[in-house]
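Need coordinates for the below:
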Amino acid sequence: MTYYLAIDIGASSGRHILGHIEDGKLCLEEIYRFDNGIKNENGTLVWDIESLFSEVKAGLKKCAEIGKIPKTIAIDTWGVDYVLLDENKKEILPAVSYRDGRTTEAIKEVNEIISQAELYSRTGIQNQSFNTIYQLFCDRKSGKLSNAKYFLMMPEYLSFKLTGKIINEYTNATTTNLVNAESRHWDKAILDILGLPSDIFCKLSLPGTVVGNFTDEAKAETGFDSTVILCPSHDTASAVAACPVDGESVYISSGTWSLIGTENPVPVLTEKALKANFTNEGGIEYRFRFLKNIMGMWLLQNIRRSINKELTYDEMMNLAMKSTFTEKIDPNAPEFVAPENMLESVRIYLGKPDLSLPDVLSSIYHSLADSYRKAVDEIESISGKEIKAIHIVGGGSKDKYLNRLTAEYTGKKVYTGLMEATATGNILSQIMYNKKITLTEAREIIKATFDIKEAN
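Presented below is the predicted three-dimensional model:
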């Protein structure tokens, strides 16, 4: 049996999922799961990259324990964040999280050097306070870049730790706001005008590129050798690769973030797209993910933390369903990026300090569904497409109430059934590499495998 391993790491958790083909269908097996999250280190929100790599290795050891050795391995994570290495390939710490507030002044300074309109016309990437461009500008100002020789986004950093090979992957690189949408390479003009060293960036490589085999150290620690390849290493790019979308449908990759969009052969760089703050992120086979980021399950994850996890997500959903409160918040308001207490933050935002928990939850549910409606309307207006269906994939697709509200607010058919979309797309890209098939052929495997149904 030929196994493929997806190491899929989100902002709140990670998982190792083995896949293989049997009777023309994709079989998935989760063999390891771990928690992930940011930590406050002297007032800065950072990632514990040492712990992350330890968890990656722990999951690999599990493969050896159960006797299922993957032929290939690929790693995907969230976008934007990165690790810098010095000339000796040692980490320049800390690895700051995108949720840290350090970029506030950098955004203003970058906008004075290059306008948002000019930046969008070159990269097609939406304006987000945490974009890598602003983080690197902060590193330049602080002097952190002065000793940097290599730039690795989080998935490629973890691949480097396994193989010793340094490589930059295309889909994740596009989230930096530093890749030219037309040339599909690092935009040297932007790097130069901002004083960012271009020599720390490698030539961009596509999904399906071989990174390398395990180092001797990794082989000794995990108990086997395998070949690490690139999948679409931005988790949404992997999720969309698995999604059976067509010209009349959009996807919502529903997790910590809700990424809602469509798939285009070319970027949309119009003023209308800029004003609507849509992004043109890279996808598999150079397809463009024309989408908008909406704060998704992050809101509910943090409400749950605010109540010390005393309720399950299903119990929270049931409370929301019993409420008739529909006053809305802006899910992307800065107050909700990294609050100390999400429950109190929503109450303060609504100006209702005594609002009950069920009403707060109901507000979040209706706000998310309404934000999806607005995004679908914008996609239709900007792209000229008539959207008839929405495919909701990822962990958030399990939320039946949000699925129902999405159908009600948008007036579109909503389909679910592909929960582990990111890991599935990760494995799908490995199958494409190993079996030399196209994305269209690979998506036929998805249709044959998963029970995709209309939500009700």
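
ranges for the strands of the stretch 51-200 of the chain?
Secondary structure of the stretch 51-200 of the chain by DSSP state E, counting those that start in this stretch: the strands cover 70-76, 82-85, 91-92, 95-96, 150-153, 168-169.

And these: which comes nearest residue 330?
Closest of these to residue 330 is strand 95-96, at 25.2 Å (criterion: Cβ to Cβ). (Each C-beta comes from the backbone N, C-alpha and C, glycine too.)

how close does the nearest residue to residue 247 once chain neighbours are set aside sit to residue 443?
Distances taken as Cβ to Cβ, 6 or more residues apart in numbering place residue 385 nearest to residue 247, at 6.4 Å, with adjacent residues excluded. Per Cβ to Cβ, to the nearest Å, residue 385 is found 19 Å from residue 443.

Ok, residue 408 next?
28 Å.

same check, this time on residue 413
Distance from residue 413 to residue 443, by Cβ to Cβ: 19 Å.

Same check on residue 427?
Relative to residue 443, and taking Cβ to Cβ, residue 427 is found at 13 Å.

so residue 452 touches residue 414, yeah?
No: the pair formed by residue 452 and residue 414 falls short of the contact definition of Cβ atoms under 8 Å, at 11.0 Å.

of these two, who's got more company?
residue 414 (23 against 15; other Cβ atoms under 10 Å).

circling back: now mean neighbour count, mean pLDDT and distance to residue 437 too, for the strands of the stretch 51-200 of the chain, in JSON lines please.
Output for the strands of the stretch 51-200 of the chain, formatted as JSON lines (neighbours: other Cβ atoms under 10 Å; pLDDT from 0 to 100; distance: least, Cβ to Cβ, whole Å):
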{"stretch": "strand 70-76", "mean neighbour count": "26", "mean pLDDT": "98", "distance to residue 437": "14"}
{"stretch": "strand 82-85", "mean neighbour count": "22", "mean pLDDT": "98", "distance to residue 437": "32"}
{"stretch": "strand 91-92", "mean neighbour count": "16", "mean pLDDT": "98", "distance to residue 437": "37"}
{"stretch": "strand 95-96", "mean neighbour count": "20", "mean pLDDT": "97", "distance to residue 437": "36"}
{"stretch": "strand 150-153", "mean neighbour count": "24", "mean pLDDT": "98", "distance to residue 437": "27"}
{"stretch": "strand 168-169", "mean neighbour count": "26", "mean pLDDT": "98", "distance to residue 437": "20"}
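
of these, which approaches residue 381 most closely?
Of those, nearest to residue 381 by Cβ to Cβ is strand 70-76, at 31.2 Å.

May I have the beta-bridge partners of residue 153?
residue 82 (DSSP bridges).

who's in contact with it?
77, 79, 81, 82, 83, 168, 169, 172, 173, 176, 233 (Cβ atoms under 8 Å, 6 or more residues apart in numbering).

May I see the residues you listed organised as JSON lines, with distance to residue 224 added?
Formatted as JSON lines, the contacts of residue 153 follow (distance: Cβ to Cβ, whole Å):
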{"residue": "77", "distance to residue 224": "23"}
{"residue": "79", "distance to residue 224": "30"}
{"residue": "81", "distance to residue 224": "29"}
{"residue": "82", "distance to residue 224": "29"}
{"residue": "83", "distance to residue 224": "25"}
{"residue": "168", "distance to residue 224": "27"}
{"residue": "169", "distance to residue 224": "24"}
{"residue": "172", "distance to residue 224": "26"}
{"residue": "173", "distance to residue 224": "30"}
{"residue": "176", "distance to residue 224": "34"}
{"residue": "233", "distance to residue 224": "22"}
